[in-house]
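with the sequence up front, the predicted model follows.
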There are 2 protein chains.
Amino acid sequence: MIYLDNAATSWPKPECVYEAVNRAMREWGGNPGRSGHKMSLAAGKVLEETRLLLARLFNADNPERIIFTLNATEAINLGLKGILQPGDHLVTGSMEHNSVSRPVEALKEMGITVTKVKTSPLTGINPVDVENAIQENTRMVVLNHASNVTGTLNPIAEIGDICRRHGVVFLVDAAQTAGIVPIDVQKMNISLLAFPGHKGLFGPQGVGGLYIAEDLCLNPLKQGGTGSESKSLLQPLFSPDRYESGTPNMPGIAGLGAGVRFILEQGIDRIRHKEHLLMTKLLSGLHNISRIIVFGPDTPEKRAAVVSIQIKGMDSLEAAMILDQAFEIAVRAGLHCAPDAHRTLGTLENGTIRISLSYYNSEEEIDILLQAVAAIAGQS
Amino acid sequence: MIYLDNAATSWPKPECVYEAVNRAMREWGGNPGRSGHKMSLAAGKVLEETRLLLARLFNADNPERIIFTLNATEAINLGLKGILQPGDHLVTGSMEHNSVSRPVEALKEMGITVTKVKTSPLTGINPVDVENAIQENTRMVVLNHASNVTGTLNPIAEIGDICRRHGVVFLVDAAQTAGIVPIDVQKMNISLLAFPGHKGLFGPQGVGGLYIAEDLCLNPLKQGGTGSESKSLLQPLFSPDRYESGTPNMPGIAGLGAGVRFILEQGIDRIRHKEHLLMTKLLSGLHNISRIIVFGPDTPEKRAAVVSIQIKGMDSLEAAMILDQAFEIAVRAGLHCAPDAHRTLGTLENGTIRISLSYYNSEEEIDILLQAVAAIAGQS
């Protein structure tokens, strides 16, 4: 199987990730932060180390401001619902994933007003438009770093600067960029960074997280046991305990730590460089096949390693099925849980075929994919 | 290391659990329910199978009413916040874990009124007291199946019957019983059953779940991508999608499935029988050591495999530290995230030393523990 569905979840993971999960279950099987015995302390250390590695990757000063969630969706929900109150105004884009659009829709019901700024599939959101959308009661701007449909990168640093100047909280959905595109929460003025553990960061499914800037205290989505301040019926005020109730996914967090360590060792520039090479080959190859429509920016620099296409006159789901069944190539077709993005692209009916790359893909795999796409587009 | 902290998390797991997690990551690495290719379908099948096994274990008719969460705490939060509205009244006990007590405290702030029924550490909550606490606006009763401090079993079936007769939702926290004590959601009239995956069910940490009765539609804690009804900005109404936004913990769910299959193969009666044997030995041994106070019921039939003790005149944390350092025995000391239970017991200051057993413990381990406890109690 040639796996080109890395925007859904990356596969394979580095060997060290599988090993870390296995070792965490077998050897450090205690419950982190719950007891004082050796196995519980060893489990607690896993969490500490992974926080440290993530803080280093995202240039966060304090590792305790990195909190773990089930996935990026939970992190985004926490960021949005932990800050916004009835009467607040929110600015977002028109190319967001349902992990943003759906909780935003639910917030509207609670009296939060929303401006969706039209976002270009080619150049991302225009910072000027974002600034113009900010009102007196704007409390937050929420945007993806890169579209999960077209890969289009948003100008996060510029928008971070605007948010800082206006005193607005900036929540970034890094689902398609964490581990792939450099992110510096301080330089980019990011207040809240939501990230999945299982995509670019190479961790297993079941772990994501949120960076929370020092000056923010969010209402948690859940309350419960934290192993701290146990006498109190009130949720602790301090991070990470405020946001991490109940037993965490210790083996998953061990795997995520191994993934982030791998990225830091390889160097994110090297990873990005490899993906640029593959994307350049992919984009130029696709442009040479007739009947193929490629969405999003032409140059790899302007996108994450996610490319959406359509084959003119052909159902996207059918094309993906042929790739899977006849060519053993895994891609994803449809709306990719991002109807707003497809409304913006004009592809809501047929969706797109999404090809998403990883550091582990090879040029040979891109060649095989291009031949397969050409064969399908030529035949039908 | 003799591991007697199974109420925090069970260890070791059956070998098949480690293998299932490993295989899920390495072989079925796709994102379940997100794409149509083989690896995504294989990952989706993992979720389906685990739902089926859990439905069989808890005698739920429809596997799609079993939903996956990060842990039991999230499941309890979803159960409470998904149902209760300002103006509603809630009945709970005085021996609950912070996974119940803390979200209940947060709900009070939102205009939900609460009656905490005094619960006996020896016999559990009295069904008559629960029935007397039900008011016209009572919407829910929430109770643990067994205390995580004393192991005391609550008369769940009797209370389920009361809830049914009064048209009240019954949420059960099965953190200490799922996989250890038989649970039948239909016979026991349980509307919502919250369970951890990583304790009695032998799954890895990072997965728990909630059974939701057919007639209930909860407000979800989170909205996001579900891989279904992707054109809509509204969260789907149907289970499990309504409650499972974003990428699930597929490897963890694979491990949980293996754990539940192991339990079904062994038979829950056999597991309970083994734990009874160990508990009988433990309880009688403890009663023969001077200076030991044992909390909770005298007979194994009335408790889960959780035993709390104090050594008269000795700090519980210190005793647990000696067990760890000098005897290589892992137990937990302190409040166990259950301050209400310690208020009920009168142990809020010193906490307790908690010894919690698993199917994998042996009589020899109990002997060694008893000798160690006797040595500590004799010396100090």
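Looks like it arrived, so ask away. Numbering: from 1, shown residues only, chains lettered A, B, ... in the order given.

which bits of the stretch 251-380 of chain A sit near chain B?
A:251-252, A:255, A:317, A:320-321, A:323-324, A:330-340, A:348 (CB under 8 Å from any CB of the partner chain). C-betas here are computed from N, CA, C, even on glycine.

take the residues you listed and keep only those in strands.
Among these, the members found in strands (DSSP state E) are A:330, A:332-334.

now for these: which two are most distant?
A:330 and A:334 (13.7 Å; CB to CB).

higher neighbour count, the two?
residue A:330 (25 against 21; other CB atoms under 10 Å in any protein chain shown).

identify the residues contacting the closest residue to that one other than its chain neighbours.
In this structure, residue A:330 finds its nearest non-sequential neighbour in residue B:37, 3.8 Å apart by CB to CB, 6 or more residues apart in numbering or on different chains. Contacts for residue B:37 (CB atoms under 8 Å, 6 or more residues apart in numbering or on different chains) come out as A:1, A:5, A:320, A:323-324, A:330-332, B:30.

and chain A, what are its domain boundaries?
A:2-10+A:268-379, A:15-266 (automatic domain parsing).

pLDDT weak spots in chain A?
Residues of chain A meeting the criterion pLDDT under 70: A:379-380.

number of nearby residues for residue A:87?
Quick note: residue A:87 (other CB under 10 Å) scores 11 neighbours.

surely it and residue A:111 touch.
Yes. Counting by CB atoms under 8 Å, residue A:87 touches residue A:111, with 6.2 Å between them.

which stretches in the stretch 1-150 of chain A count as helices?
Using DSSP state H, counting those that start in this stretch, the helices of the stretch 1-150 of chain A run over A:15-26, A:38-58, A:72-83, A:98-109, A:127-133.

please work out which of the ones you listed is packed deepest.
Across the helices of the stretch 1-150 of chain A, averaging neighbours per residue (mean count of other CB atoms under 10 Å in any protein chain shown) puts helix A:72-83 on top, at a mean of 27.

how close does residue A:274 sit to residue A:174?
Going from residue A:274 to residue A:174 by CB to CB, to the nearest Å gives 19 Å.

comparing those two, which residue is more hemmed in?
residue A:174 (30 against 19).

what about that one, distance to chain B?
Distance of residue A:174 to chain B, computed by CB to the nearest CB, to the nearest Å: 14 Å.

out of the domains of chain A, nearest to residue B:296?
Judged by CB to CB, the one of the domains of chain A that comes nearest to residue B:296 is domain A:15-266, at 19.0 Å.

quick one: residue A:41 from residue B:361, how far?
Going from residue A:41 to residue B:361 by CB to CB gives 21 Å.

circling back to that earlier point, ok, which of the helices of the stretch 1-150 of chain A comes nearest residue B:147?
Once these are compared by CB to CB, helix A:38-58 is nearest, at 20.6 Å.

send the alpha carbons of the closest one over as CSV?
Provided in CSV are the C-alpha atoms of helix A:38-58 (Å, rounded to 0.1, in the frame of the first residue of the first chain):
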residue,chain,number,x,y,z
LYS,A,38,8.1,4.1,41.2
MET,A,39,5.8,3.1,38.4
SER,A,40,3.5,6.1,38.9
LEU,A,41,6.5,8.4,39.0
ALA,A,42,8.0,6.9,35.9
ALA,A,43,4.6,7.4,34.1
GLY,A,44,4.6,11.0,35.3
LYS,A,45,8.0,11.6,33.9
VAL,A,46,6.8,10.6,30.5
LEU,A,47,4.3,13.4,30.5
GLU,A,48,6.9,15.9,31.8
GLU,A,49,9.3,15.0,29.0
THR,A,50,6.8,15.2,26.2
ARG,A,51,5.7,18.6,27.5
LEU,A,52,9.3,19.7,27.4
LEU,A,53,9.9,18.5,23.9
LEU,A,54,6.7,20.1,22.6
ALA,A,55,7.6,23.4,24.4
ARG,A,56,11.0,23.3,22.6
LEU,A,57,9.4,22.6,19.2
PHE,A,58,6.9,25.4,19.5
